[in-house]
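Enquirer: okay, predicted coordinates and the sequence, questions at the end:
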Amino acid sequence: MSPRTARHLSSVYWALGVGALAFIWVFPLLWALSTSLRAPGELGSQIASLWVSHPSFANFRDAWADAPFVRLYYNTAVVVFGILAVQLITITLAGYAFARMDFAGREVLFRLFLLQLMVAPSSLILPNFVTLRTLGLLNTRLGIMIPYFASAFGMFLLRQAFRSVPRDLEDAAAIDGCSTLQTIWHVFVPLAKPTLVAFSIVSVVYHYNEFLWPLIITDTDRARTVTVGLASFTQSAESGAQWNLVAAGTVIVVLPLLVLFILFQRRFVESFMYSGLKG
Amino acid sequence: MSVASRAALGERVVRARRRGWRAQPYLLLVPSLVFLAMFTYYPVLSSLEMSLYQLSPATHQQHFVGFSNYAALAADPVFSRVLVNSAAFLLGTVPVTIALALFLAVLLARTHALSTAFRTAFFYPTLLPLVGAAAIWLFVYTPGYGLVDVYLRGLVPGGVNYLGDPRYALPAVIALTIWKNAGYYMLFYLAGLQGVALELYETARLEGASAWQQFRAITFPLLAPTTLFVLLIASINAFQSVDQIWVMTGGGPDNATNLLLFYVYQAAFMFFDLGKAAALTVFLLAILMVIAAVSFRLLERRIHYEV
């Protein structure tokens, strides 16, 4: 066997081996998709297969009618983009201060910020719940958002990005009479755009998927997000073994992010990669 | 204005800016600090305080009880069960997920027409909400006609109610968690691999090193910083995500899948025992602090290497 054939063969083995593993990885999702398209009565032994002989959207119609998805989506959208909007302001200002300014207590404050990376809000559900009750923010979207308005992770990413901005540009802005805020806006933000995009993607995905905190804060559909809606929907449908319905509900909830992922695949992968490199 | 005086003016403006207006850096930090103080620092302290009190349900009055909430935890058989479970969950998810992530990254580092598609296949679970993934995996484990029983027939006894059996429930939840996170950590390793010089492998191959020897001598040691970082986030993650427990088992059967954060949730929001929940929160925070302290040490040493 010539070296070329050997290399070719090893490439084929590689593709088959990794491909089999990859197939196992996507199988649960493919199953959920195909089951959601099965006619509601079609159950029994075939339910584990991927083949759908008579595709139907009936499960989606039923799922849509069983849970207030429009309301849930709306709440999630407000929460996710609300958090992001405030975060972008807080992290830009703090990132600039830590990257470019000298002041007493900088090291101590920086470490205090990083504390949030270790003590993520999810471990503080009890005391934060008490705080929100005191503030009268239970059952509100603001209540779901507010613990996330500051982000040590985002501050850290931007600090790294701002540090690499050349001093000369900043000096030129100062000579031209820009205030600090104007300098941040006109010089630093445009140069840190890739970092801001990466942070935004990670933030949106994280908060779209968040479950425990919104669950605790809400006890009506008024402010509930899609993940909370899905969990209670799953609980009732699962008890009746209505797998088609569970699958349809799950697809409805996971689809928005998956579609965005398929459209902007490289951006997503790079953002998540970047979040680790810099974090 | 002459060039020289303009330069002098510029110099002055810049120096003034650098010295800065004293309060300005703090003003830039205030928006973040307000929220950090309200939702990170204050709650840590208030958990400590709440853990020393007991709320009497009849009068809604707080009684100071000293350390008796902690003493009650020490005597609570469910708490010891929860600790054992959390340790098992940590040891069951973290090393396996990291090993798998590294394995996948090494396999997928080569350029091939299918590499991107395969990476996507392993990465997409990262984007699913954990509750959505758990809802799908409920069916994976359904006795009789679930995916495990249908496709692994012969390999598994069959007809076992995995999530309802105390022996299998935690491993079943661990399997889902590994599936969910492996692709995310794989990305960090792929990024790390980009920094490993290809010449190293060429030299190794010329010297007749096998693939495994190359991995042991080059890949693994050079990726140590990545491993450290992934170890940190994976460990913190193991104590902070319990959504799948809520959907799949509710901590059962018989507390077989009850983890620390889930027990906090139960104590606070199902049993309304706030003193106990606060003591549990303090315990959880202590664990997270230990993880943080250890990894800060290690990461700091790593930064010294790089500089």
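Expert: That came through fine.
Enquirer: just to be sure, A:V187 is in a strand?
Expert: No - counting by DSSP: H, G, I helix; E, B strand; the rest coil, A:V187 is not found in a strand; it is helix.
Enquirer: buried by neighbour count: which residues of stretch A:252-269 qualify?
Expert: Of all the residues in stretch A:252-269, those buried under the rule 16 or more other Cβ atoms under 10 Å in any protein chain shown are A:252-254, A:257, A:260-261, A:268-269. Every residue, glycine included, has its C-beta placed from N, CA and C.
Enquirer: and if you look at stretch B:150-164?
Expert: Judged by neighbour count using 16+ other Cβ under 10 Å, the buried positions of stretch B:150-164 are B:150, B:160, B:162-163.
Enquirer: near chain A at all, it?
Expert: Yes - using Cβ under 8 Å from any Cβ of the partner chain, stretch B:150-164 reaches chain A at B:150-151.
Enquirer: go ahead and name everything in contact with that stretch.
Expert: The contact list for stretch B:150-164 (Cβ atoms under 8 Å, 6 or more residues apart in numbering or on different chains) reads A:45, A:48, B:138, B:141, B:143-144, B:148-149, B:168-169, B:172-173, B:248-249, B:253.
Enquirer: would you turn the buried residues of stretch A:252-269 into CSV with distance to A:S123?
Expert: As requested, the buried residues of stretch A:252-269 are exported to CSV (distance: Cβ to Cβ, whole Å):
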residue, distance to A:S123
A:I252, 30
A:V253, 25
A:V254, 26
A:L257, 25
A:L260, 29
A:F261, 28
A:F268, 27
A:V269, 29
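Enquirer: what about those residues, which are in helices?
Expert: Per DSSP state H, helices hold the following members of the buried residues of stretch A:252-269: A:252-254, A:257, A:260-261, A:268-269.
Enquirer: can you say which of the contacts of stretch B:150-164 are buried?
Expert: A:48, B:138, B:141, B:148-149, B:168-169, B:172-173, B:248-249, B:253.
Enquirer: start to end distance for stretch A:146-156?
Expert: Using Cα to Cα, to the nearest Å, one end of stretch A:146-156 lies 20 Å from the other.
Enquirer: is A:W31 in contact with B:L138, as I believe?
Expert: No - the pair A:W31 and B:L138 fails to qualify as a contact (Cβ atoms under 8 Å) at a distance of 11.8 Å.
Enquirer: which stretches in the stretch 51-200 of chain B count as helices?
Expert: Secondary structure of the stretch 51-200 of chain B by DSSP state H, counting those that start in this stretch: the helices cover B:68-75, B:77-108, B:115-123, B:130-140, B:147-151, B:169-194, B:198-206.
Enquirer: avg pLDDT for the shortest one?
Expert: To tie it back to what came earlier, the one meant is helix B:147-151. The average pLDDT within helix B:147-151 is 77.
Enquirer: ok, the fourth one next?
Expert: The predicted model assigns helix B:130-140 a mean pLDDT of 90.
Enquirer: can you give me the pLDDT of the residue sitting nearest the centre point of chain B?
Expert: In chain B, the centroid-proximal residue (Cα atoms, centre = their mean) is B:N237; its distance is 1.6 Å. The per-residue pLDDT reported for B:N237 equals 88.
Enquirer: now it: how far from chain A?
Expert: Using Cβ to the nearest Cβ, to the nearest Å, we find B:N237 at a distance of 9 Å from chain A.
Enquirer: so what's that residue up against?
Expert: Listed by Cβ under 8 Å, 6+ apart, the contact set of B:N237 reads B:N181.
Enquirer: against B:Y265, how distant is it?
Expert: 17 Å (Cβ to Cβ, to the nearest Å).
Enquirer: B:A72 now?
Expert: B:A72 is 18 Å from B:Y265, by Cβ to Cβ.
Enquirer: who has more neighbours out of these two?
Expert: B:Y265 (24 against 16; other Cβ atoms under 10 Å in any protein chain shown).
Enquirer: measure that one to chain A for me?
Expert: Counting by Cβ to the nearest Cβ, the gap from B:Y265 to chain A is 7 Å.
Enquirer: that residue is in contact with B:D243, isn't it?
Expert: No - using Cβ under 8 Å, B:Y265 makes no contact with B:D243, being 10.5 Å away.
Enquirer: common neighbours of those two, please.
Expert: Joint contacts of B:Y265 and B:D243 (Cβ under 8 Å, 6+ apart) are A:L212.
Enquirer: tell me which residues touch residue 33, please.
Expert: Picked chain A for this. With Cβ under 8 Å, 6+ apart, A:L33 has these contacts: A:247, A:251.
Enquirer: ah, no, chain B please
Expert: Applying Cβ under 8 Å, 6+ apart, the residues near B:L33 are A:109, A:150.
Enquirer: mind redoing it with 7 Å?
Expert: For B:L33, no residue meets the contact criterion (Cβ atoms under 7 Å, 6 or more residues apart in numbering or on different chains).
Enquirer: quick one: neighbours of B:L298, just the number.
Expert: 15.
Enquirer: in the helix or strand hosting it, what counts as buried?
Expert: Using DSSP states H and E, B:L298 sits within helix B:274-306. Buried residues in helix B:274-306, defined by neighbour count with 16+ other Cβ under 10 Å: B:274-285, B:287-288, B:291-292, B:295.
Enquirer: helices or strands next to that helix in the packing?
Expert: Applying 3 or more Cβ pairs under 7 Å, 6 or more residues apart in numbering or on different chains; DSSP states H and E, one finds that helix B:274-306 contacts helix A:106-118, helix A:125-135, helix B:42-50, strand B:53-56, helix B:68-75, helix B:224-240, helix B:260-269.
Enquirer: now do the last one against helix B:42-50, angle only.
Expert: Per axes from the mean of the first three to the mean of the last three Cα atoms, to 10 degrees, the angle that helix B:260-269 makes with helix B:42-50 is 70 degrees.
Enquirer: could I get the CA-only coordinates of helix B:260-269 as CSV?
Expert: Provided in CSV are the C-alpha atoms of helix B:260-269 (Å, rounded to 0.1, in the frame of the first residue of the first chain):
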residue,chain,number,x,y,z
LEU,B,260,-26.3,21.1,46.9
LEU,B,261,-27.9,23.9,44.9
PHE,B,262,-31.1,21.9,44.4
TYR,B,263,-31.3,21.3,48.1
VAL,B,264,-31.0,25.1,48.7
TYR,B,265,-33.9,25.5,46.3
GLN,B,266,-35.9,22.9,48.1
ALA,B,267,-35.2,24.2,51.6
ALA,B,268,-36.0,27.8,50.6
PHE,B,269,-38.8,27.5,48.1
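Enquirer: other residues contacting that helix?
Expert: Under Cβ under 7 Å, 6+ apart, the answer for helix B:260-269 is A:122-123, A:125-126, A:212, A:216, B:82, B:86, B:239-240, B:242, B:245, B:251, B:273-274, B:276-277, B:280-281, B:284.
Enquirer: what angle do it and helix B:224-240 make?
Expert: Using the same axes, to 10 degrees, helix B:260-269 lies at 30 degrees relative to helix B:224-240.
Enquirer: before we move on, what about the fifth one?
Expert: Interaxial angle of helix B:68-75 relative to helix B:224-240 (the same axes, to 10 degrees): 100 degrees.
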